[in-house]
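> let's see this in three dimensions:
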Amino acid sequence: MLIMKKLLLLLLFVVATVTLSAKSIIPTPKSYQEGEGSFCIKSSTLISSPSELMPIVDYLLEYMPLDYVANRELSEDVIRLTVNPKLGREEYRLDVTSDAITICGGDYAGVFYGVQSL
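Here you go, the predicted model:
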């Protein structure tokens, strides 16, 4: 009977882990849509943002030793940080394609939350 309880607990743990792993994003997004493919962050990946987001760039650089370029339009191998007031306060959109990662926040806090989710 003890072995059955242990096996049941192990099974529940495995099922819960598999179920939660794909959507374990912090801060929790209001909506989530998983697509195909991925983006690989390499040492050549650049971070691009306007200067007012520099404290967030510095925060990101603590975890990823990448190079920064000031608000340049790069088409590939880039992490873009932008602000779009059409999004609500503290909202963000995190888009990942095979060429780039774009984090667009409704305000400074939204961009920061997007970086934390990354």
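> looking at the protein, which helix or strand is least sure?
Lowest on mean pLDDT, DSSP states H and E among the helices and strands of the chain sits helix 2-21, with a mean of 45.
> immediately after it, which helix or strand?
Downstream of helix 2-21, the first helix or strand assigned by DSSP states H and E is strand 46-49.
> residue 99 and residue 77 touch, don't they?
Yes - counting by Cβ atoms under 8 Å, residue 99 touches residue 77, with 7.2 Å between them. Every C-beta, even on glycine, is put in place using the N, C-alpha and C of the backbone.
> okay, the host helix or strand of residue 59 in PDB with CA atoms only?
In this assignment (DSSP H and E), residue 59 forms part of helix 54-63. Provided in PDB are the C-alpha atoms of helix 54-63 (Å, rounded to 0.1, in the frame of the first residue of the first chain):
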ATOM      1  CA  MET A  54      18.800  52.000 -20.100                       C
ATOM      2  CA  PRO A  55      18.300  50.900 -16.500                       C
ATOM      3  CA  ILE A  56      16.300  47.900 -17.800                       C
ATOM      4  CA  VAL A  57      19.100  47.200 -20.300                       C
ATOM      5  CA  ASP A  58      21.600  47.300 -17.400                       C
ATOM      6  CA  TYR A  59      19.500  44.800 -15.400                       C
ATOM      7  CA  LEU A  60      19.300  42.500 -18.400                       C
ATOM      8  CA  LEU A  61      23.100  42.700 -19.000                       C
ATOM      9  CA  GLU A  62      23.600  41.500 -15.400                       C
ATOM     10  CA  TYR A  63      22.200  38.100 -16.600                       C
END
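> that one - contacts with which helices or strands?
strand 46-49, strand 78-83, helix 108-117 (3 or more Cβ pairs under 8 Å, 6 or more residues apart in numbering; DSSP states H and E).
> same list (those) but as TSV, adding mean neighbour count and distance to residue 71.
Shown next, in TSV, are the helices and strands packed on helix 54-63 (neighbours: other Cβ atoms under 10 Å; distance: least, Cβ to Cβ, whole Å):
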stretch	mean neighbour count	distance to residue 71
strand 46-49	20	6
strand 78-83	20	9
helix 108-117	20	13
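> residue 35: which of the ones you listed is closest?
Minimum separation from residue 35 across these (Cβ to Cβ) falls at helix 108-117, 15.4 Å.
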